[in-house]
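predicted model and sequence below, questions to follow.
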Amino acid sequence: MLKQLTLDQRGRVAEKVMDWGNLVFIGLVIVQVVPGGEVNLRTALFGVVALVGAYFGANRIMIRGGGRK
């Protein structure tokens, strides 16, 4: 499917994947730190892994499939 997308379309899909990674990171990591309460390490670690995974996935979307321009 990715080979059928244009470069602009792949860019938009990759941007949305990164946006979701940012939202998960904010929801699981930043929200714990703002109130000054206790930080759940497992949840924070999952948020960081989700952020890194989203950026890695977006990078793979942009690299994969030489496709049309």
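Thanks, I have the structure now. Residues are numbered from 1 along each chain as shown.

using PDB, list the CA coordinates for stretch 29-47.
Output for stretch 29-47, consisting of C-alpha atoms alone and laid out as PDB, is shown next (Å, rounded to 0.1, in the frame of the first residue of the first chain):
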ATOM      1  CA  VAL A  29       4.400  11.400  30.700                       C
ATOM      2  CA  ILE A  30       3.900  15.100  30.800                       C
ATOM      3  CA  VAL A  31       0.500  14.900  32.600                       C
ATOM      4  CA  GLN A  32       2.100  13.000  35.500                       C
ATOM      5  CA  VAL A  33       4.800  15.600  36.000                       C
ATOM      6  CA  VAL A  34       2.600  18.800  35.800                       C
ATOM      7  CA  PRO A  35       0.500  18.200  39.000                       C
ATOM      8  CA  GLY A  36       3.700  17.400  41.000                       C
ATOM      9  CA  GLY A  37       2.300  14.100  42.100                       C
ATOM     10  CA  GLU A  38       4.000  10.700  42.100                       C
ATOM     11  CA  VAL A  39       5.300   9.500  38.800                       C
ATOM     12  CA  ASN A  40       4.400   6.000  37.700                       C
ATOM     13  CA  LEU A  41       7.600   4.800  36.100                       C
ATOM     14  CA  ARG A  42       6.000   2.000  34.000                       C
ATOM     15  CA  THR A  43       3.500   4.400  32.500                       C
ATOM     16  CA  ALA A  44       6.100   7.000  31.800                       C
ATOM     17  CA  LEU A  45       8.400   4.400  30.200                       C
ATOM     18  CA  PHE A  46       5.500   3.200  28.000                       C
ATOM     19  CA  GLY A  47       4.900   6.800  26.900                       C
END
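
who touches that stretch?
Identification of contacts with stretch 29-47 by C-beta atoms under 8 Å, 6 or more residues apart in numbering yields Val24, Phe25, Gly27, Leu28, Val48. Yep, even glycine has a C-beta here, placed from its N, CA and C like the rest.

now that stretch: mean pLDDT?
Throughout stretch 29-47, pLDDT has a mean value of 86.

buried stuff in that stretch?
In terms of neighbour count (16 or more other C-beta atoms under 10 Å), stretch 29-47 has its buried residues at Val29, Gln32, Ala44, Gly47.

related to what we said a few turns ago, tell me which two of the contacts of stretch 29-47 sit farthest apart.
By the measure C-beta to C-beta, Gly27 and Val48 form the most distant pair in those, at 12.3 Å.

I'm done for today, thanks for sticking with me.
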